[in-house]
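Colleague: let's see this in three dimensions:
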Amino acid sequence: MNFLAHIYLSGSNVDIRLGNFIGDQVKGNQILKYPKRVQQGIMLHRKIDQTTDKHPAWRSCKTILIPSYGRWSSVATDVMFDFILAREWPAYSNRSLKGFTRTFYFQMLQRYYMLPLEVRNFLPFLIQSNRLYSYSTDEGITKALEIMGNHTTMKGNPALALNLVKENYEIFSLGLKELITELTHMAKKEFGIQIQTSYPMLENQCFIKFSS
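Modeller: From the prediction side, this is the model:
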């Protein structure tokens, strides 16, 4: 899962959000230098990634993106799940996407001193481009993939990836619902995080069941 999904699955606690946001930049015992709630957010981030990587819905969507991103299809799938989440945001939250992302930006600026150097360098660009909100648009998600390609070794075809998602939109949409349902239960059971949604729990809805 990518930034927006990780933050969504953090619930409302600011320190857990911060930990989840910086999870990729905190290695090994570095976690011990953070307050307890931030540590929980980092652990949540790791558990989300572990669960996602094994999930059949995510793996099915990853296979679809192999023609556009090859060995980087895992990263592209994470980004494209944020695209689906942003587009379908009213089905996942009672808050507007704009309000949710603005609140998060403000919270991270308040705790700027707690962020790892790499994240401190990255945050102003994230805010200036309104990256999280822009995930809801074709242009925004394509730009996000282009930026990742320009600043990392990740190479692929953003336009083709977007076309593949649109051609297989129902698979991605229903796959995200199944994955979010499992991750929501995990966050509540293991971390005590209650995520406010705008619908009855997803297991009561009908969608494709991806087999392992």
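Colleague: other SSEs contacting the helix or strand where Ile127 lies?
Modeller: If you go by DSSP states H and E, Ile127 is part of helix 117-128. Other elements packing on helix 117-128 under the criterion 3 or more C-beta pairs under 8 Å, 6 or more residues apart in numbering; DSSP states H and E are helix 97-110. From N, CA and C alone the C-beta is placed, and that goes for glycine too.
Colleague: so for the helix it packs on, what gets flagged as buried?
Modeller: The neighbour-count check on helix 97-110 (16 or more other C-beta atoms under 10 Å) flags 97, 100-101, 104-105, 108 as buried.
Colleague: what comes up buried for whichever strand or helix holds Glu182?
Modeller: Using DSSP H and E, Glu182 sits in helix 169-191. Across helix 169-191, burial judged by 16+ other C-beta under 10 Å covers 171-184, 186-187, 191.
Colleague: and that helix, what's its mean pLDDT?
Modeller: Averaging pLDDT along helix 169-191 gives 97.
Colleague: gap between the residue of the chain most remote from its centre and Gly19?
Modeller: Distance from the C-alpha centroid of the chain peaks at Lys33, with 24.6 Å (C-alpha atoms, centre = their mean). Counting by C-beta to C-beta, to the nearest Å, the gap from Lys33 to Gly19 is 12 Å.
Colleague: and if you look at Leu97?
Modeller: Applying C-beta to C-beta, the value for Leu97 to Gly19 is 22 Å.
Colleague: kindly report the same for Asp49.
Modeller: With C-beta to C-beta as the criterion, Asp49 and Gly19 are 13 Å apart.
Colleague: then Ile64?
Modeller: Counting by C-beta to C-beta, the gap from Ile64 to Gly19 is 31 Å.
Colleague: quick one: which of these two has more around it?
Modeller: Set side by side, Ile64 and Gly19 show more neighbours around Gly19, with 27 against 20, by other C-beta atoms under 10 Å.
Colleague: quick one, what contacts that one?
Modeller: Contact analysis of Gly19 by C-beta atoms under 8 Å, 6 or more residues apart in numbering lists 10, 26, 34, 37-45.
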